[in-house]
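S.K.: Sequence first, then the predicted structure:
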Amino acid sequence: MSAVTVPPPSAPRLPGILLALSVAAVAFGLGRLMPLIGGAVCGIVLGILVRHFAPPEERFQPGIRFASKQVLQWSIIALGFGLSLTQVAHTGMESLSVTLATVAAAGLAAWILGRVLRVHDKLKLLIGVGTAICGGSAIAAVVPIIKPDEHDTAFAISTIFLFNLVAVLLFPALGHWMGLSDLGFGLWAGTAINDTSSVVAAGYSYSHAAGDFATIVKLTRATLIIPISLGIALIVAWREKRSGATDFSLAKIFPWFILWFLVASGIRTAGLVPEVALPVIHFVAECLIIVALTAIGLSADLRRMASTGPRPILLGLGVWAAVALTSLLVQHLIGRW
């Protein structure tokens, strides 16, 4: 077996960054043509296909790694500028019980089903967090902390996307069949669908009021990225210390970008971000996450993903079903149906 050549830290990043940008530009265009799928999913799929059929040479790897890690963190910080904590606090009180119940259901279902299906811990955590909070964005926030293989990240995001698409097509019909009110459906969509674009698509296809409420509930749910990421970081730190790792450092694994996400949200809450700038910030955040996920796709091994089999998809289905049913159950119990 030949030794793997590891480029020095000073290896130029530009070739890999340009490759990720080029593939991401195509993904961005496809995402505009297929809004239900979105540029982020197109990016990760195109990246996987490029890696499979035309593997990038070693000189591209430093830039690809940079895009898949640093750019990923920048995208999370950029999302913070579009999040008003005042609005979140107001709506969060109305949806808090349902949101917390669905997050707990996702965590419990991921743990139990993951053990039954023998899905390894990191992939199990990615699927659970992605389903519980906000899909790709939550997965992106956790990746720098637990450092999974790129193919695990790609598999988790692809699995989450699959059930997002099913929800967009299925939820409005089910909502009408169950006779949910506009606010009831908005709360269901906002707590049980992961990606923001999918929440918006499902909510507004039900009614304008449902779409408005679902979007705000979804933004409220997104703030849970902060405590959950910090909690995961502390658990990782505790395990590292317990294992007696000699190079252990809390500062190295602490998700500092989450604190910058909170600072960005604080700036938005203080009214220091003009309303006219919000579409631009949203566009920048979208572009950054497409580039980052494209780079993750360029690092993912399709053969390794295929060898994993259907178990992660079954895990995603079980966790998603647990979240959707828990949301409806809690709404029924508190009289919000």
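M.R.: Here it is on my side, so go on. Numbering: from 1, shown residues only.
S.K.: Which residue ranges of the stretch 151-300 of the chain form helices?
M.R.: Using DSSP state H, counting those that start in this stretch, the helices of the stretch 151-300 of the chain run over 182-192, 196-206, 208-222, 225-242, 250-253, 256-269, 278-299.
S.K.: The stretch 1-150 of the chain now?
M.R.: Along the stretch 1-150 of the chain, counting by DSSP H, counting those that start in this stretch, helices occupy 14-33, 39-53, 61-66, 72-80, 85-117, 121-132, 136-146, 150-178.
S.K.: can the ones you listed go into JSON lines with extra columns for mean neighbour count, distance to Ser205 and mean pLDDT?
M.R.: Where C-beta positions appear, they are placed from N, C-alpha and C, glycine not excepted. Shown next, in JSON lines, are the helices of the stretch 1-150 of the chain (neighbours: other Cβ atoms under 10 Å; distance: least, Cβ to Cβ, whole Å; pLDDT from 0 to 100):
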{"stretch": "helix 14-33", "mean neighbour count": "18", "distance to Ser205": "19", "mean pLDDT": "93"}
{"stretch": "helix 39-53", "mean neighbour count": "23", "distance to Ser205": "19", "mean pLDDT": "86"}
{"stretch": "helix 61-66", "mean neighbour count": "20", "distance to Ser205": "37", "mean pLDDT": "91"}
{"stretch": "helix 72-80", "mean neighbour count": "23", "distance to Ser205": "24", "mean pLDDT": "80"}
{"stretch": "helix 85-117", "mean neighbour count": "18", "distance to Ser205": "20", "mean pLDDT": "83"}
{"stretch": "helix 121-132", "mean neighbour count": "25", "distance to Ser205": "21", "mean pLDDT": "89"}
{"stretch": "helix 136-146", "mean neighbour count": "24", "distance to Ser205": "21", "mean pLDDT": "81"}
{"stretch": "helix 150-178", "mean neighbour count": "21", "distance to Ser205": "5", "mean pLDDT": "82"}
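S.K.: quick one, which of those is nearest to Leu329?
M.R.: Leu329 lies closest, by Cβ to Cβ, to one member of the helices of the stretch 1-150 of the chain: helix 85-117, at 8.0 Å.
S.K.: could you give the angle of the closest one to helix 225-242?
M.R.: 50 degrees (axes from the mean of the first three to the mean of the last three Cα atoms, to 10 degrees).
S.K.: rewinding a little: make a markdown table out of the helices of the stretch 151-300 of the chain and add mean neighbour count.
M.R.: As requested, those are exported to a markdown table (neighbours: other Cβ atoms under 10 Å):
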| stretch | mean neighbour count |
| --- | --- |
| helix 182-192 | 27 |
| helix 196-206 | 24 |
| helix 208-222 | 22 |
| helix 225-242 | 16 |
| helix 250-253 | 12 |
| helix 256-269 | 18 |
| helix 278-299 | 23 |
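S.K.: For those, which has the smallest mean pLDDT value?
M.R.: When the helices of the stretch 151-300 of the chain are compared by mean pLDDT, helix 250-253 comes last with a mean of 58.
S.K.: State the distance from the most centrally placed residue in the chain to Ala202.
M.R.: Geometric centre of the chain, nearest residue: Gly136, 2.0 Å, by Cα atoms, centre = their mean. Look at Gly136 and Ala202: by Cβ to Cβ, to the nearest Å, they are 17 Å apart.
S.K.: quick one: contacts for Trp74?
M.R.: Going by Cβ atoms under 8 Å, 6 or more residues apart in numbering, Trp74 touches 257, 288.
S.K.: mind listing what Ile160 touches?
M.R.: Taking Cβ under 8 Å, 6+ apart as the contact definition, Ile160 lies against 127, 130-131, 135-136, 139, 194-195, 316.
S.K.: ignore the last one, Gly63
M.R.: Here Gly63 is in contact with 12-20 (Cβ under 8 Å, 6+ apart).
S.K.: cool, Leu117 as well?
M.R.: By Cβ under 8 Å, 6+ apart, the contact set of Leu117 is 311, 314-315.
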